[in-house]
Structure formats: C-alpha cells, structure tokens
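In: one predicted model, sequence on top.
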Amino acid sequence: MVAIRRTATCIAGDTNCDPAATGQIYLQSTLCNDEVANPAVVAAMPASGPPAFPLHKHDCTTVASLRSYVMHIYFIANNNDPGDGIPTLKRAELGANGAFSIVPLVEGIENLQLEYGLDTDGDSMPDAVSADPGTYNGCAADPCYIANWLNAVTAKVHLLSRSTSASPGYTDTKTYPLGLQADDTQLVVGPFSDGFKRHGYTETIRMHNPAGRRETT
C-alpha cells in the first residue's frame, strides 16, 4: 500500500473549498511575528468552533486560516464488490472523527509496486534506486534511515492490470517484471496460466518539493 499525507491546497471556506467541519482535522500555521516560535496546530475541529486554533495572521489579530489534513491510502483489494474476485485498486480516505471511507478506483489492478530514486550528491537528480530507501546502503536505523528518505526525489510506479473476465481459449504464459524488491532483487510475477489477459505499466514521478529545493541555477 501507499500512504500519502498532505494538507489541502485550498483554505477552508474559500471559493470551491469546503468550510471547516466538526471532527475534520486541520493544520493552522501562524503568520504573526509574535507567534513565530509557536508550532503549527494540527487538531480536529471541535463542535465549539475555531477557538481551538489560536494562531493568527500578519496583523496578529485575525485568526489564521485552516487547511484540511488529507490522508489517502492506496491499496490492492481482492474484490471490487464482496466476493466478485476482481482485484481492484482502492483508496482509503480519512474523514471526520478519524473514520476512513473506502473508494474503489480501478477494477483489474492486481499488483502495485514502487521503487524510489535517491539523490545522494545533492543535485536534484537520482543517483541510486531502492524499493526501501530507509535501508539503502546498509542503513538499519535512525538517523541514516531518515536521511535516506529525505533523499528520495522520484518514485517509479509499477502496475499490473488484469482483464475483469477470462478470455475463452486464452492462457497467460507471460512473466511481468515489476521493479526491485526490498532486497534489491528483481520482482517478476507469473506465468499465471489462467485465462485473464494482463498488461504492465511503469511511470516515473518526480517529487517536486524535495527535488526542486536541490536544483542549481
């Protein structure tokens, strides 16, 4: 599975952005010089409203804006609907009061693998590839575990899709490479020897925030 945590790109209550809701988790950061030493607030909106968020804007009087905390967990489920046997890419979305809702995204996705490009010389370009950045180069614990993850500047996504129904007279005898495993050996799945047709997809995604900070002009 892949967990993505971030704050919303819009401010709660702005145009096309949902207003703050009870039980939803928000981030509030100060813009007031008198509060620069104060840590940002991450908390659920109480029924009593914004007083739980004490930070302010530049004028040190107006309450600072709130951005909702977004957490999405992507995973492969064995079924789309219970018992149908169709592997499906799904997403768990964090909602109010810490509850998750499950959203089916794509039927027929039966395998999801990731490997990461690590920038080891600070030029924003990947120099090494690892399926588990934390343990790259023999690392076993902090602080190098954290340092390795901070060097991740790309993510290569491998997906294996499968038809939702079998094709009469067809047998899948292929094998499918899906990148590296945690021990740096190649992950190859198949042959499945069944009647489902499959296709592998690979795409590399640049992580603009960590990579952009390292770019040289």
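Out: Here it is on my side, so go on.
In: show me what the longest helix seen in the chain is packed up against.
Out: Ranked by residue count and defined by DSSP state H, the top helix of the chain is helix 144-150. Contact partners of helix 144-150 among helices and strands, from 3 or more Cβ pairs under 8 Å, 6 or more residues apart in numbering; DSSP states H and E: none. Every residue, glycine included, has its C-beta placed from N, CA and C.
In: okay, the very next helix or strand once past it in PDB with CA atoms only?
Out: The first helix or strand that comes after helix 144-150 along the chain, using DSSP states H and E, is strand 152-162. What follows is strand 152-162, C-alpha atoms only, in PDB (Å, rounded to 0.1, in the frame of the first residue of the first chain):
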ATOM      1  CA  ALA A 152      14.000  10.400  -2.400                       C
ATOM      2  CA  VAL A 153      13.400  12.600  -5.400                       C
ATOM      3  CA  THR A 154      11.500  10.300  -7.700                       C
ATOM      4  CA  ALA A 155       9.000   7.400  -7.400                       C
ATOM      5  CA  LYS A 156       8.700   4.800 -10.100                       C
ATOM      6  CA  VAL A 157       5.200   3.100 -10.000                       C
ATOM      7  CA  HIS A 158       4.700  -0.400 -11.400                       C
ATOM      8  CA  LEU A 159       1.100  -1.500 -12.000                       C
ATOM      9  CA  LEU A 160      -0.100  -4.900 -13.300                       C
ATOM     10  CA  SER A 161      -3.600  -4.800 -14.700                       C
ATOM     11  CA  ARG A 162      -5.800  -7.800 -15.500                       C
END
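In: helices or strands next to strand 152-162 in the packing?
Out: Here strand 152-162 touches strand 109-118, strand 176-180, strand 198-206, helix 208-212, going by 3+ Cβ pairs under 8 Å, 6+ apart.
In: in it, which residues are buried?
Out: Residues 152-154, 156-162 are the ones in strand 152-162 that count as buried (16 or more other Cβ atoms under 10 Å).
In: nearest to residue 114, of those?
Out: Nearest to residue 114, judged by Cβ to Cβ, of the buried residues of strand 152-162 is residue 157 at 5.8 Å.
In: contacts only, for that closest one.
Out: Residue 157 makes contacts with 112-114, 201-205, as judged by Cβ atoms under 8 Å, 6 or more residues apart in numbering.
In: wait, which of those residues is closest to residue 29?
Out: Nearest to residue 29 among these, with distances taken as Cβ to Cβ, is residue 205, at 26.7 Å.
In: mean pLDDT for the helices and strands packed on strand 152-162: which is lowest?
Out: Least confident of the helices and strands packed on strand 152-162, judged by mean pLDDT, is helix 208-212 with a mean of 90.
In: residues in contact with that one?
Out: Contact partners of helix 208-212, identified using Cβ under 8 Å, 6+ apart, comprise 119, 124, 150-154.
In: contacting residues for the nearest residue to residue 116 once chain neighbours are set aside?
Out: Computed as Cβ to Cβ, 6 or more residues apart in numbering, the closest residue to residue 116 that is not its neighbour in sequence is residue 152, at 4.5 Å. Applying Cβ under 8 Å, 6+ apart, we find residue 152 in contact with 116-119, 133, 207, 210.
In: ok, what's across the strand from residue 152?
Out: On the basis of DSSP bridges, residue 152 takes part in beta bridges with residue 118.
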